[in-house]
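> got a predicted structure plus its sequence, pasted below:
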Amino acid sequence: MKDFALVFRNEAGSEAKIAPETFAALQAEWQKWVGGIAAQGKLTSPGSRLGLDGRSIKPGNIVANGPYAEVKDTLRGFHVVKADSIEEAIEIAKGCPILTVGGSVEVRDIIPVETRYPIPQS
């Protein structure tokens with residue numbers, strides 16, 4: 001099995017457009033969806049939900065306010081799951097609740113990184 005990142009994107013400020021009762025139901029759907037992946041033993045990392053604040057570091061050490069790309073959607077969070085193929089990871093992603101509120105999920109394969117340099121101990 002390989003690891004795949006499911007990257008969630010949504011329009012900035014979209015939470016403000018969702019009624020509180022709908023938002024609570026959406027959170028329950030997220031818990032159910034992620035719980036189902038975990039129950040299958042396919043959740044490698046529960047990931048995190050990202051905040052709306054951030055900075056972007058660009059070449060030349062230029063720091064730009066916000067985590068925003070040059071498009072309307074921003075990176076909102078991710079999970080890492082195990083799947084036998086990208087097709088299986090896509091099927092897992094199709095159940096993501098963000099799709100019900102206009103968001104998207106990007107499925108990416110993960111290339112393992114070997115540490116070739118000693119990590120300093122503090």
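Cool, the structure landed. Residues are numbered from 1 along each chain as shown.
> what's next to stretch 96-109, contact-wise?
For stretch 96-109, contacts defined as CB atoms under 8 Å, 6 or more residues apart in numbering pick out 2-11, 14, 18, 26, 29-30, 33, 73, 76, 86, 89-90, 93. Bear in mind the C-beta positions are built from the backbone N, C-alpha and C, glycine included.
> what about those residues, which are in strands?
Among those, the ones falling in strands (DSSP state E) are K2, D3, F4, A5, L6, V7, F8, R9, N10, E11, D73, R76.
> burial count for the closest residue to the third one other than its chain neighbours?
Read it as F4. Using CB to CB, 6 or more residues apart in numbering and skipping the chain neighbours, the partner closest in space to F4 is A89 (3.8 Å). Applying other CB atoms under 10 Å, we find 23 residues neighbouring A89.
> what residues are up against A89?
Residues near A89 by CB under 8 Å, 6+ apart: F4, L6, V81, A83, V107.
> can you do 6 Å?
The contact partners of A89, by CB atoms under 6 Å, 6 or more residues apart in numbering, come to F4, A83, V107.
> and it, how far from E21?
Distance, A89 to E21, by CB to CB, to the nearest Å: 32 Å.
> which parts of the chain are helices?
Secondary structure of the chain (DSSP state H): helices at 20-39, 86-93.
> burial count for K17?
Using other CB under 10 Å, K17 has 11 other residues around it.
> contacts only, for it.
Contacts of K17 by CB under 6 Å, 6+ apart: none found.
> just confirm I37 contacts T44, I think it does.
No: contact criterion CB atoms under 6 Å: I37 and T44 do not qualify, at 9.6 Å.
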